[in-house]
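1. Predicted coordinates and the sequence they were generated for:
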Amino acid sequence: MDIHDNGPKPNAFDIESATTANDAYRRVAWTGKHLQVTLMSIEPGKAIGLEVHHGTDQFLRIDQGKGVAKMGPAKDDLQETEVEDGWSIQVPAGTWHDVENTGDEPLRLYTIYAPTHHAKGIVQQTAEKAEEDEEAGRDEPPKWVEEVDEKGEESA
């Protein structure tokens with residue numbers, strides 16, 4: 001399936017098919033003025049990476065595979081929940097969180113950020129590329145976004 005982020009214009013696509021077909025670590029599927037949809041693929045034994053978004057709520061839904069969601073008020077105070085196909089994860093702003101793939105196939109999920117968190121349409125094949133883009137300033141929300149997480153993000 002060809003996903004093209006058409007910005008804040010109306011959009012519709014088969015999110016489950018797109019999510020299970022996605023092979024990139026992170027693929028921004030749609031960027032609105034107030035929220036954003038990204039598709040993710042986490043390889044077996046890997047994780048999204050422990051982080052906190054201080055001003056961004058996040059919703060994640062697993063469409064393929066199994067893993068462990070870790071969330072808590074501090075990076076050393078996390079509760080773990082086993083998750084699999086069909087599960088959703090809600091992460092309030094200011095909550096440390098990670099999702100680790102504990103299965104033997106890619107963990108495919110989508111996530112919705114509110115407000116928008118990443119560059120419009122960016123595709124990052126690996127977690128390393130995503131980190132490199134963030135550090136280089138290539139993964140910033142577009143200027144036309146009306147809400148931006150001014151409080152920032154931290155990684156463990």
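-> Perfect, I can see it now.
2. which SS class is R61?
-> Under DSSP: H, G, I helix; E, B strand; the rest coil, R61 falls in the strand class.
3. nope, G103 is what I meant
-> coil.
4. Wait, it touches G67, no?
-> Yes: with contacts counted by C-beta atoms under 8 Å, G103 reaches G67, the gap being 6.7 Å. To be clear about C-beta, it is placed using only N, CA and C from the backbone, and glycine gets the same treatment.
5. Show me which of these two is the more surrounded one.
-> Using other C-beta atoms under 10 Å as the criterion, G103 and G67 rank with G67 on top: 25 against 16.
6. What helix or strand is that one located in?
-> strand 66-74 (DSSP states H and E).
7. Return the set of buried residues in that strand.
-> K66, G67, A69, K70, M71 (16 or more other C-beta atoms under 10 Å).
8. Same list (those) but as CSV, adding distance to E43 and pLDDT.
-> Below are the buried residues of strand 66-74 laid out as CSV (distance: C-beta to C-beta, whole Å; pLDDT from 0 to 100):
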residue, distance to E43, pLDDT
K66, 13, 98
G67, 11, 98
A69, 17, 98
K70, 17, 98
M71, 21, 98
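9. ok, K70 - contacts?
-> By C-beta atoms under 8 Å, 6 or more residues apart in numbering, the residues touching K70 are L50, L78, Q79, E80, W96, H97, D98, V99, E100.
10. can you do 10 Å?
-> Listed by C-beta atoms under 10 Å, 6 or more residues apart in numbering, the contact set of K70 reads 47-48, 50, 78-81, 89, 96-100.
11. How far does stretch 14-32 stretch from one end to the other?
-> Stretch 14-32 has an end-to-end distance of 18 Å (criterion: C-alpha to C-alpha, to the nearest Å).
12. what bits of the chain have low per-residue confidence?
-> Low-confidence segments of the chain (pLDDT under 70): 1, 147-153.
13. sorry, back to before: direction included, what does the strand holding G67 pair against?
-> strand 77-84 (antiparallel), strand 96-101 (antiparallel) (DSSP bridges).
14. Can you tell me which of these is most buried?
-> strand 96-101 (a mean of 22; mean count of other C-beta atoms under 10 Å).
15. and that one, C-alpha only, in PDB?
-> The C-alpha trace of strand 96-101 is given here as PDB (Å, rounded to 0.1, in the frame of the first residue of the first chain):
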ATOM      1  CA  TRP A  96       7.800   7.300  30.600                       C
ATOM      2  CA  HIS A  97       7.000   4.600  28.100                       C
ATOM      3  CA  ASP A  98       8.500   1.900  25.900                       C
ATOM      4  CA  VAL A  99       7.100  -1.000  23.800                       C
ATOM      5  CA  GLU A 100       9.400  -4.100  23.400                       C
ATOM      6  CA  ASN A 101       8.900  -6.800  20.800                       C
END
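16. Nothing else from me, thank you.
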